[in-house]
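Q: Kindly return the folded structure for what I paste below:
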Amino acid sequence: MKPSEHDNKNISELLIALHHGANVVSPDKFREYALDLVHSVIPFDSAIWGKHSRNGNDLVASEMYMHGKHAEMLQNLESIRQLDAWLTGTQIIQPWITVNLDYSQPPCTLTPEFRQHLDLFGMMHCLCTMGYDPLSQTPHHIVLGRNDLKRPFTEDERLLKQYLMPHLEAACDHNYRLLPQTSNRNPPESERRQSNALTNDQGVLFATEPRFMKLLMEEFPDWHGPLLPEPLLKTFIEQNNDRHVGATITLTASRRSSMWLLWARPKQPIDDFSTRTMKLAAYFAEGHNHKEIGQLMNISPATVRNHISIIYRKLQVNNKSQLAQLLSGARPPRKRG
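A: Numbering: from 1, shown residues only. All right, here's what the predicted structure looks like:
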């Protein structure tokens, strides 16, 4: 059935609201916001939005969101893991193709065990769509469920869900990576030189910008993901540090909802300076004189003067303005406040 003009208008308004919300809604609320929008055009009783990665044939980790009447089922992690495994393992769910599953007439791969899990969620009908990010090797899925056996999803609803899936995933990834407001100390030009990605607490990548992957592959030629390279796992996961300086790239990390937001950029000469030297350089670039910096850092003005001379020589700069520009480019993007 051809969509009516009214239907097209509703879908256009939904997409506008979705991508606008990706810029303004906090990450911990965005999936709720997005699924409320979907509910306005495809009524459902509950939904499951899962992001997970696979290491070979094994499910490495999951980020799950439950929506609707059965959101309390999020506590039943084993049921969710079984759902993950079935959605990613079955040959019925093909990437980006939405499947309409009818509980009363299940496909052959809908095992009794999986039907039991659907019973837990109260789902009689499901619209299941799975996507896949080839860059970070990250599968993800969105399932919409209805509890009434007499209210199956229509073919038009299946096609609409299939059309919306890439928009939902792209908006969610953008929302996670976004820094809503950046500090005045970080001009947009410096931020555009950096690229980012998301990782969970196990070091599994969930969303990446192409340039981020390119930088990592240049630094670690034998790495393929989805787990971060071993040196980065050690820095960010094991040691809980927020900065890694490699041979060709520099990365910084900051907490972003339930994940970590990683920023990567080409390495600069200034990255080899210690944190204390960077602080001294920043004081000087901000306009403090040698005496004031000495008092702030508990060193003599002569020592400050010597450090400034070394900094100028190594960075090949001639004035405070050039130094400030280098410092700005090396500073990771930060939120205001």
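
Q: May I have stretch 301-320 exported as CSV, CA atoms only?
A: Extracted C-alpha coordinates of stretch 301-320, given in CSV (Å, rounded to 0.1, in the frame of the first residue of the first chain):
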residue,chain,number,x,y,z
PRO,A,301,61.3,32.2,38.2
ALA,A,302,64.7,31.2,36.8
THR,A,303,63.5,27.6,36.5
VAL,A,304,60.3,28.8,34.8
ARG,A,305,62.4,30.8,32.3
ASN,A,306,64.5,27.8,31.5
HIS,A,307,61.5,25.6,31.0
ILE,A,308,59.9,28.1,28.6
SER,A,309,63.1,28.3,26.6
ILE,A,310,63.1,24.5,26.2
ILE,A,311,59.4,24.5,25.3
TYR,A,312,59.9,27.1,22.6
ARG,A,313,62.9,25.3,21.2
LYS,A,314,61.3,21.9,21.0
LEU,A,315,58.0,23.2,19.6
GLN,A,316,59.7,25.6,17.3
VAL,A,317,57.5,28.5,18.3
ASN,A,318,58.5,32.2,18.8
ASN,A,319,55.6,33.7,20.9
LYS,A,320,52.7,33.1,23.2
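
Q: Any buried residues in that stretch, and which?
A: Residues 304, 307-308, 311-312, 315, 317 are the ones in stretch 301-320 that count as buried (16 or more other C-beta atoms under 10 Å). Using the backbone N, CA and C atoms, a C-beta is placed for each residue, glycine as well.

Q: Just these: which are in helices?
A: Applying DSSP state H to the buried residues of stretch 301-320, the entries found in helices are 304, 307-308, 311-312, 315.

Q: Rebuild those as JSON lines, extending it with pLDDT and distance to W49.
A: Shown next, in JSON lines, are these (pLDDT from 0 to 100; distance: C-beta to C-beta, whole Å):
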{"residue": "V304", "pLDDT": "95", "distance to W49": "53"}
{"residue": "H307", "pLDDT": "94", "distance to W49": "51"}
{"residue": "I308", "pLDDT": "94", "distance to W49": "52"}
{"residue": "I311", "pLDDT": "93", "distance to W49": "48"}
{"residue": "Y312", "pLDDT": "94", "distance to W49": "52"}
{"residue": "L315", "pLDDT": "91", "distance to W49": "46"}
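
Q: check contacts around L178.
A: Taking C-beta atoms under 8 Å, 6 or more residues apart in numbering as the criterion, L178 is in contact with 22-23.

Q: what about it, distance to E63?
A: 17 Å (C-beta to C-beta, to the nearest Å).

Q: Could you do A170 as well?
A: From A170 to E63 the distance is 16 Å (C-beta to C-beta).

Q: out of those two, which sits in the busier spot?
A: Applying other C-beta atoms under 10 Å to A170 and E63 shows that E63 carries more neighbours, namely 19 against 15.

Q: Ends of stretch 31-49, what's the gap?
A: Length of stretch 31-49, first residue to last, C-alpha to C-alpha, to the nearest Å: 8 Å.

Q: Now do the phi/psi pair for the most centrally placed residue in the chain.
A: Centroid-nearest residue in the chain, with C-alpha atoms, centre = their mean: L198, separated by 3.8 Å. The phi/psi pair for L198 (degrees, to the nearest 10) reads phi -110, psi 140.

Q: before we move on, what about the one 5 residues further on?
A: The phi and psi torsions at G203 (degrees, to the nearest 10) take the values phi 80, psi 20.

Q: Isn't it up against I237?
A: Yes: with contact defined as C-beta atoms under 8 Å, G203 counts as touching I237 (4.7 Å).

Q: shared neighbours, those two?
A: L228.

Q: what about the host helix or strand of Y65, average pLDDT?
A: Element membership of Y65 [criterion: DSSP states H and E] is strand 58-68. Here strand 58-68 scores 69 as its mean pLDDT.

Q: now do stretch 127-139
A: 75.

Q: Which of the helices or strands spans V143?
A: Judged by DSSP H and E, V143 forms part of strand 138-146.

Q: so what secondary structure elements neighbour that strand?
A: Packing partners of strand 138-146 (3 or more C-beta pairs under 8 Å, 6 or more residues apart in numbering; DSSP states H and E): strand 46-55, helix 77-89, strand 125-133, helix 155-177, strand 205-208.
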